[in-house]
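[1] Build me a model:
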Amino acid sequence: MAIRRFEYTEDLSYMIQAGYTILTPTNRISTAILDSLAEEATSKTWLKRNVIPIDLWIKKKWRDLAHQGISPCCDYEILEGFEEQTLWSLCIEGASENHPLINPQETAFLVSRAHQELNSFSSPTELKNIIASRKNRNFTSFLKWHEDFLQRTEAIKALPLSTALLKLIKLLEKTPEHITENIALVNFYDPPPSYRALFSCLQVTNTVENYVSSTPPLSKVTPEKYATTNSLRIEEFNSDKDEIYECVRWAQEIIKENPNAHIGIITPNPQGVAPDLQREFLRRLRRESIPAFDANINTNSYTGAFKSDGIVYTILFTLRILENDILETENLCQFLRSPFLIGSTEECEPRSNLELYLRKKRSNLCSISAQIAFLSNETGDFFCPKLVDALVASKNIIRQNQHSKTPFELSHVFRKLLALLFPEISTSSQYAIGQLEAFTKSTQKLARLTPIIKTLSYKQALNRLWLLCADETKKKPYDKTCQISIYTPSDALGLNYTHAWFLSFNDVSYPEQIKKNPFLPVTFTEKYLNPEILLKKSEQTVRNIFDAISGTIKLSYAIHEDELEQNPSQLFGYLQASRTLTNKEKATSSEIEIIDDSAFLKLKESEIVNGGSQLITDQAQCPFQAFAKHRLNVSALQSFTPGISPMDRGTALHIGLDHLFKKITSQKDIELIPNLKIKKIIGDAISMSIKYLRRQYPLVITPNFEITERERLDVLFQEFLSKEQERHIFKVIQSEQEYFIRIADLDLRLRIDRVDEIENNEIVLIDYKSGSTTPSLRPESWALGRSDNLQLPLYFFAYQAASKNKVTGLVFAQLNAEELKYNSLLRSDNYSNNSKRISDEQWCELQKIWETNIHSLAKEFKEGVVNVDPLAKATVCNHCKLNTLCRIKEQEQLPPSTYVSEKK
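    Just a heads-up that it's a prediction; the model follows:
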């Protein structure tokens, strides 16, 4: 047995059998009636009945009368909704000089609604009086746009549906015999005045029956199941999450007992509720099987962002980025990752290689022509012949159609580009095929705009297509197998429900607040859209829905939303409230399977690990982080930053300093080399830094940018040389020198920024830092045992193992625009006047601590200690960005005792 969304009586059945035209206010009611008729059919084939929504019926009758040569139907065509919206937006764009800050598309929607409401609610005389008045400034703007709109529609001999209806009524008032058919009006609870006028005209020469479906509630029979409406309770929940959780649990229990139940979830805010409901349904489906249940939900409301629709967005996104040669690198990477792009399967690896290469360069801008050169190189790692051919052909097509083409011509261009770049969509999943159909329909709509918009540029046409696609993808397909329907109260009217839950009915959400249209005159709003009328309409709407529910009725609201406290809707304020406490702990704990896996993943002899001081740092910060980065070679994708990344600024600074101190090798050089030569050396060092940056960021390092960067580095290098001149006598003996050290059978590769020799042949190891902070070198910073500040201690052991000279100091030289200073740990007085030294005993004690820590961490890594145990979670996890791999957030959901035992 199928799910029934409409129950009809013998009276309606008789009218259907007698050949009446069944008119409904919405398409979903027509579909529900046809589904019910199909369910009752006794054979595989049956005669389709004339069940049609009112707006489609009006268009059909208009065409029929036009074919008979009856004016005004033969003089004008009826505009589709997208055509009307486009015309209004053109009117508004044409007057943009007077209204520079308004959004044409959003304003067009409001103006179009205002025009429809004026036509629907006002009599011809009243409409003339309203148009004649110009009391409201916004309404004056509306009238100016309206005049332009009338001129444009007259030029193409077309009318919006609301205007066509008024003309049809006027025609039928004079000659009602033009339409002769028996009509049944199904579930027209409160039609607007224009519809009532149409029905009055039809009654002159036709039989017009009014039919309202209702299902006698089971509650009238069973007192325990709400004997009357007054016995209903409104349930209170602490939060909207608890409310949704309980609603889904309730629906699940019903579907288990009755797979053919039609469950209505009525809410004033489907857009906000539907995604959470869908997630909760899917979450519960993973826990236990629900027979004959589809997690999809029927709704009229668009519940997701356009971007989340995937395929259509990807197509439009691709058409947009190919318009120009320079684009954001993140957008190019998104383009390369598309699974529907030509050759995505066979060319997956080289495209991934190109993305990784671009992310290593970190520039947020790139050139398509430069990437085509990479992709065309047969000997490189990025060779993608299919993608190259499609890109070159697409760029040529776009170039040829850049300016002044008709919408019809450009619609064919877009379809041609689709076939070139995404040839495999048509052979993919049903979802992909549906998305392709949505895109194709949108291009067809664009072609139909040719009489309205004569010519467009490629960019303008793409903007129009984007809007059409956004509107087309909002149309959520109806699925007759879905048991769950989520509607607003007004959308829920006209259907029957086995059970219904009125969700989130608080005093703010319903009755809905009056949304005043600024383009409607105040007198009109006060007459037709005042609070009293809306309250009565809301009460009647809920009452009509109640009458269409055969089983359980539930009402609820959440007491708290963010920090606001809410009350029940004033419609249900008279009901007794009952607090419902939802306990989700049991459900959550049952979903987490705890596995005791304490085995170590020892480093194999054949396993090659490349790393330096960062390996030891990572092991100290979190063993799993070190395992993932240095053994699995996993790392979070580098993000692109505008301008130059701090990391590359630091690298450029190191390159410049390396050049600088290979030319200026001692404190005496700073004093004795003439200023002009010093300036030249600094200039050459800066050029080395700029050369690196230009190679990394060719589109960022413009002449003006280079001038600014040179000035910044010049000030920094001069100030640093002045600081170096204040030191005691020193000589630079090494710069950017590599060292190798073996610790606990682990080979580490290190690079020491600078090695200085001071008095008494003492050695100081210097590491440059370009950030705003430097690690602490105070002896107590290593007292905790597990320290992640072991970079300079590693340098100490590596240099000491390779040289006979004694290291007596470790220094971080901070070169930052905000602060330029030394952060040092010294056992000598020969570094500078301002430096503080520690005793020889402290120095020896620190060496023992360093050695113990470093060997312990290296041994841990070698032995395969890989537990998720961040040293300082707030900072470590934020920089690591591998939480989807280590699942630390899921681990935190475990009961405390379990989490502690696992860590042990």
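[2] Can you classify Ile486 by secondary structure?
    strand (DSSP: H, G, I helix; E, B strand; the rest coil).
[3] Can you verify my assumption that it contacts Pro268?
    No: counting by Cβ atoms under 8 Å, Ile486 sits too far from Pro268 to count as a contact (11.3 Å). In short, each C-beta sits where N, CA and C put it, glycine included.
[4] Between these two, which has more neighbouring residues?
    Ile486 (25 against 22; other Cβ atoms under 10 Å).
[5] is that one in a bridge, and if so with what?
    Ile486 has these beta-bridge partners by DSSP bridges: Ile265, Thr299.
[6] And the strands in the stretch 801-904 of the chain?
    807-815, 820-826 (DSSP state E, counting those that start in this stretch).
[7] In CSV: those strands, plus mean pLDDT.
    What follows is the strands of the stretch 801-904 of the chain, written out as CSV (pLDDT from 0 to 100):
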stretch, mean pLDDT
strand 807-815, 94
strand 820-826, 93
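[8] Next one: Asn789 from Asp75, what distance?
    Going from Asn789 to Asp75 by Cβ to Cβ, to the nearest Å gives 85 Å.
[9] Tell me which of those two has more neighbours.
    Neighbour totals were compared for Asn789 and Asp75, and Asn789 leads with 15 against 11 (other Cβ under 10 Å).
[10] residues touching that one, list them.
    Counting by Cβ atoms under 8 Å, 6 or more residues apart in numbering, Asn789 touches 775-776, 781-782.
[11] Leu418 and Ser442, how far apart?
    On the measure of Cβ to Cβ, Leu418 and Ser442 end up 11 Å apart.
[12] With Ala41 instead?
    With Cβ to Cβ as the criterion, Ala41 and Ser442 are 35 Å apart.
[13] Which one of these two is surrounded by more residues?
    Higher neighbour count among Ala41 and Ser442: Ser442, with 26 against 10, using other Cβ under 10 Å.
[14] residue contacts, the more buried one?
    So Ser442 contacts 312, 465, 468-469, 472 (Cβ under 8 Å, 6+ apart).
[15] relative to its centroid, which residue of this structure is most remote?
    When distances are taken from the C-alpha mean of the chain, Asn760 lies farthest, 63.5 Å away, according to Cα atoms, centre = their mean.
[16] shouldn't it be in contact with Tyr831?
    No: counting by Cβ under 8 Å, Asn760 does not reach Tyr831; the two are 11.7 Å apart.
[17] Show me where the stretch 401-550 of the chain has its helices.
    Per DSSP state H, counting those that start in this stretch, the stretch 401-550 of the chain carries helices over the ranges 407-421, 430-448, 458-472, 489-492, 522-528, 531-547.
[18] Buried residues of stretch 311-321, list them for me.
    Along stretch 311-321, these residues count as buried under the neighbour rule (16 or more other Cβ atoms under 10 Å): 311-320.
[19] er, stretch 647-662 I mean
    For stretch 647-662, by 16+ other Cβ under 10 Å, it's 648-649, 651-661.
[20] and what of stretch 762-779?
    762-770, 774-775, 777.
[21] can you check stretch 465-483 too?
    In stretch 465-483, counting by 16+ other Cβ under 10 Å, buried: 465-473, 476, 478, 482-483.
[22] Likewise for stretch 546-564?
    Buried-residue list, stretch 546-564, by 16+ other Cβ under 10 Å: 546, 548-559.
[23] Now for the residues you listed: which two are most distant?
    Maximum pairwise distance among the buried residues of stretch 546-564 (Cβ to Cβ): 30.2 Å, between Ser550 and Ile559.
[24] was I right about Asp242 contacting Ala558?
    Yes: under the criterion of Cβ under 8 Å, Asp242 makes contact with Ala558 at 7.2 Å.
[25] And the contacts of stretch 327-345?
    311, 314, 317-318, 321, 351-352, 354-355, 358-359, 363-366, 368, 371, 384-387, 390, 420-425, 428, 432, 640.
[26] what's the answer for stretch 866-875, then?
    By Cβ under 8 Å, 6+ apart, stretch 866-875 touches 600-601, 620-627, 786, 788, 876-877, 880, 886-888, 891, 903.
[27] Going through those, which ones are buried?
    620-627, 788, 876-877, 880, 886, 888, 891.
[28] farthest-separated two in those?
    Longest span within the buried ones among the contacts of stretch 866-875, Cβ to Cβ: Asp788 and Gln891, 20.9 Å.
[29] from the buried residues of stretch 762-779, which is closest to Arg710?
    The closest of these, once distances to Arg710 are taken by Cβ to Cβ, is Ser770, at 16.4 Å.
[30] confidence score at the closest one?
    If you check Ser770, the pLDDT there is 92.
[31] Counting neighbours, what do you get for the residue nearest to Gly551 when sequence neighbours are not counted?
    Nearest in space to Gly551, with sequence neighbours left out and distances taken as Cβ to Cβ, 6 or more residues apart in numbering, is His499 at 4.4 Å. By other Cβ under 10 Å, the residues close to His499 number 21.
[32] can you pull up the bridge partners for His499?
    Assigned bridge partners for His499, using DSSP bridges, are Ile263.
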